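**Q** Attaching a predicted model along with its sequence, questions to come.
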Amino acid sequence: MSRLNSFRELEHLRERLINQRKSITTTVMVCGGTGCQASQSRKVIDALQNELSKQRLEGQIRLCVTGCHGFCEQGPVMIIEPDNLFYCHLTAEDVLDIVSQTLIKGKVIQRLLYTDPVSGKKIEKVANIPFYQMQDRQILSQNLMVDPCSIEDYIVAGGYSALAKVLKGTSPEEVVKDINDSVLRGRGGGGFPTGRKWAECREAPGKEKYVICNADEGDPGAYMDRCVLEGNPHLVIEGMMIGAWAVGANKGYVYVRNEYPLAVEHTRVAVNQAREMGLLGNNILGSALSFDIDIARGGGAFVCGESTALMASIEGKVGEPRAKDVHAVVDGLFHKPTVLNNVETWANVPFIMLKGPSWFSTKGTARSKGTKILALTGQIKNTGLVEVEMGTPINTILHDIGGGSVSGKQIKAVQIGGPSGGCLPSSKFDLPIDYDILTEAGSMVGSGGMVVLDENSCMVDVAKYFLTFLQDESCGKCLPCRVGIDRMLEIVNEITEGKGKLGQLELLEDLADTVSQTSLCGLGKTAPNPVLTTLQYFRDEYETHIREKRCPAGVCKALIKYYIDPEKCTGCGVCMRGCPQKAITGVKKELILSIQPCVRNAEFAEVNANLKRLE
Amino acid sequence: MSQRSIEVILQGRRSQPQQLIEVLQDIQQDYGYLAEQHLKTVASALGVPEIEVYRVASFYKAFRLKPAGKIVITLCLGTACHVRSAHLLLDEAIGELGVRQGEVTPDGLFSIETVNCLGACALGPIVKENEVYHHHMTPAKLRKLIEAIKHREMGGN
């Protein structure tokens, strides 16, 4: 790879690469993201590579190992272009057929097609799959075009042209104005206007400034940042470069979770490639911009998603937040003015600069523009990453894209925004994805995690889950968060154990109010949200736990009792082998199983017909 | 994974306190945990007080101060995995192996760890056997996995 010294050289390289690929008639895109790798996509990729080289097809057929396609449930998945053919649940054994039937003869293999769970029909083309059809994939669609480890792929797909456009004739002030006009808001949780942040940092005194990409996606149940960084790291880098030009920074950091090894590796590869090409370094493309990026790996602390804690962590310190009396845009990393944006926010920047701010601001609602990537998970048929226009109703996402609940039972609630967000009941499913409207309803867009809960989920247990998580993740610096969450958890624990008392719900609300008003950082301020929203919308479930000592969903272990029904027990011993606590003893075939107190296991009761649950 | 010496890991990073977390990450990656001696060496090389190095090493979940088992069973307890009953897997693992999370079996073969999210939420519950991901896990599948690992590891010896 030779260094690019001017805009012209970048365009020449792009033309040359496009010409080189003219002989390619078919492109096979196999997902190599974390999700599909978990479903053994590596084996499919290796087998396909072997087969293509064995049959000497590499000249016409290009195998592109891409980042996440978003439809992880169906993995490993493959898209064949130009036919737009979609194959799913692949194994290495399918490769021979794919090559001989589809790639050579152009025949569609029925058994590998996707079956729509709603209509039961097989669907050939990606464009006709409801899951994809209803989305507006601006950022995610790029994931399909590029191999994340190939800067050439990114350049062929039009990469770094936004940067070139900016460096060629847009002043930093104009870039800030464009971002401002686009009404882009932070995609990490808060929804702070990005343009305002940039403007304040640009105006802050001092020559040394920083830009940071927050890829410490600590919100359990959200993985869009992993997907974008892992699948298209150059897009994020390009966004950061434009940001650096706008605010006057020469150094950037990508702070990425170490739990995402593939994202760390791909970002590293991308940064090195950009350096080799001179896209990072001094006088980028012959312009006045000099900028470089380092990667900082996170240490697995949720609080480090908070901006000041994240900066402390990059400085090599314990990730504790500090009071924000002076904002990071003035006094940030190493006490210098710093702009910190989330992965998805950075990824939006090149599009806005290329297509213009009005292109972006025409999408969405009055105060929430563009698209948002959501992680649709939990008890829903089509789990995966969903990118929709802001303003899309929750119902559309759950039913048209998600295909409804997996069990066929009614969807009871959806938890949006992770530990800082809240649970919305089905009566609120007509609300749109909009920063301000969701916040008003007690939840938040947050990073975009959407966990679907059906009748099998206990809302008190969900509140307990988040409190346990937050108690564990509270850094302990300020008292309201450290002690307040602890006390709240204590109460919720008592309720789930059948020891709850009337009046505790009011106490819980009182505590929640104190914690949210007096905590130092966002973690504590929003920590009570899961409790408050479940109390607001599902108070009856709490009351059933307290008054009747009963968990309607059958989740809270302490409120479930098991016994063996002697009339039904055949002494098969399945339950004996299945119990992790060895709580069932006796001799096979002799019907003398007895059960001892143990950690009770709800699923266990369902799989074993011999056991009956007392509620 | 080849094990670099501490000296190699520290190269180009000496007297740079901001490199502390990166250095500890690298040591853990190569050695599996952070030994007391590692922390002392890092403290003097970077010019950070020992207590601060210990504070950082004990603050972040990613760091282990004791060796892990040969096979680390990591259970994802993220929200998406939780609502698909990941807690039952933790009960199962603890019941099968007789140790709690963060502990190692007496024979040094297994340790159980939990993580808040592995980012493969659509496929939950997820269990990681060292670096290998297993998706859509159930207590029964986990029991079989543990049995298969035991069989493989014992057979190999």
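**A** That came through, no problem.

**Q** Give the burial count for the residue nearest to residue A:202 when sequence neighbours are not counted, as a bare number.
**A** Excluding its sequence neighbours, the residue lying closest to residue A:202 (CB to CB, 6 or more residues apart in numbering or on different chains) is residue A:247, at 4.8 Å. Any C-beta I mention is one placed from the backbone N, CA and C, and that applies to glycine too. Per other CB atoms under 10 Å in any protein chain shown, the neighbour tally for residue A:247 reads 25.

**Q** For the longest helix anywhere in chain B, list every residue counted as buried.
**A** In chain B, assigned by DSSP state H, the helix with the most residues is helix B:139-156. With burial defined by 16 or more other CB atoms under 10 Å in any protein chain shown, the residues of helix B:139-156 counted as buried are B:139, B:141, B:142, B:143, B:145, B:146, B:149, B:150.

**Q** list the helices and strands that helix packs on?
**A** helix A:602-607, strand B:71-76, helix B:86-97, strand B:127-129 (3 or more CB pairs under 8 Å, 6 or more residues apart in numbering or on different chains; DSSP states H and E).

**Q** Let's see that with 10 Å instead.
**A** helix A:574-578, helix A:602-607, strand B:71-76, helix B:86-97, strand B:110-115, strand B:127-129, strand B:132-134 (3 or more CB pairs under 10 Å, 6 or more residues apart in numbering or on different chains; DSSP states H and E).

**Q** Go through these and name the closest to residue A:584.
**A** For those, the distance to residue A:584 is smallest for helix A:574-578, at 4.7 Å, taking CB to CB.

**Q** Now do the buried residues in the closest one.
**A** For helix A:574-578, by 16+ other CB under 10 Å, it's A:575, A:576, A:578.

**Q** Would you mind confirming that the last one makes contact with residue B:144?
**A** No. Checked against CB atoms under 10 Å, the pair residue A:578 and residue B:144 is beyond contact range at 11.7 Å.

**Q** So for residue A:257, which of the helices and strands packed on helix B:139-156 sits nearest?
**A** Between residue A:257 and those, the tightest spacing by CB to CB is seen for strand B:110-115, at 10.1 Å.

**Q** Look up the closest residue to the residue of the stretch 151-300 of chain A found nearest chain B, ignoring the ones flanking it.
**A** Relative to chain B, the nearest point of the stretch 151-300 of chain A is residue A:299 (2.8 Å; CB to the nearest CB). With CB to CB, 6+ apart as the criterion, residue A:299 has its nearest non-adjacent residue at 2.8 Å, and that residue is residue B:60.

**Q** Who are the contact partners of the one you found?
**A** Going by CB atoms under 10 Å, 6 or more residues apart in numbering or on different chains, residue B:60 touches A:258, A:298, A:299, A:300, A:301, A:304, A:313, A:318, A:319, B:21, B:24, B:25.

**Q** and if we set it to 6 Å?
**A** Applying CB atoms under 6 Å, 6 or more residues apart in numbering or on different chains, we find residue B:60 in contact with A:299, A:300, A:301.

**Q** check contacts around the second one.
**A** When you say that, I think you mean residue A:300. B:60, B:61, B:62.

**Q** Ok, the first one next?
**A** Contacts were defined as CB under 6 Å, 6+ apart; by that measure residue A:299 touches B:21, B:60, B:62.

**Q** The first one against residue A:314, yeah?
**A** The one in question is residue B:21. No. Taking CB atoms under 6 Å as the definition, residue B:21 is not a contact partner of residue A:314, at 8.3 Å.

**Q** what are the phi and psi angles of the nearest residue in space to residue A:314 that is not next to it in sequence?
**A** Nearest residue to residue A:314, sequence neighbours excluded (CB to CB, 6+ apart): residue A:296, at 4.8 Å. Backbone torsions of residue A:296, given as degrees, to the nearest 10, read phi -120, psi 130.

**Q** now do the one 3 residues further on
**A** Phi and psi for residue A:299, reported as degrees, to the nearest 10, are phi -110, psi 20.

**Q** what's the single longest strand in chain A?
**A** strand A:371-378 (DSSP state E).

**Q** picking up where we left off before, how much space between the residue nearest to residue A:299 and residue B:19?
**A** 15 Å (CB to CB, to the nearest Å).

**Q** Same question for residue A:460.
**A** Taking CB to CB, one finds residue A:460 at 45 Å from residue B:19.

**Q** just to revisit the earlier point, and of the contacts of residue A:299, the nearest to residue A:374?
**A** residue B:62 (27.1 Å).
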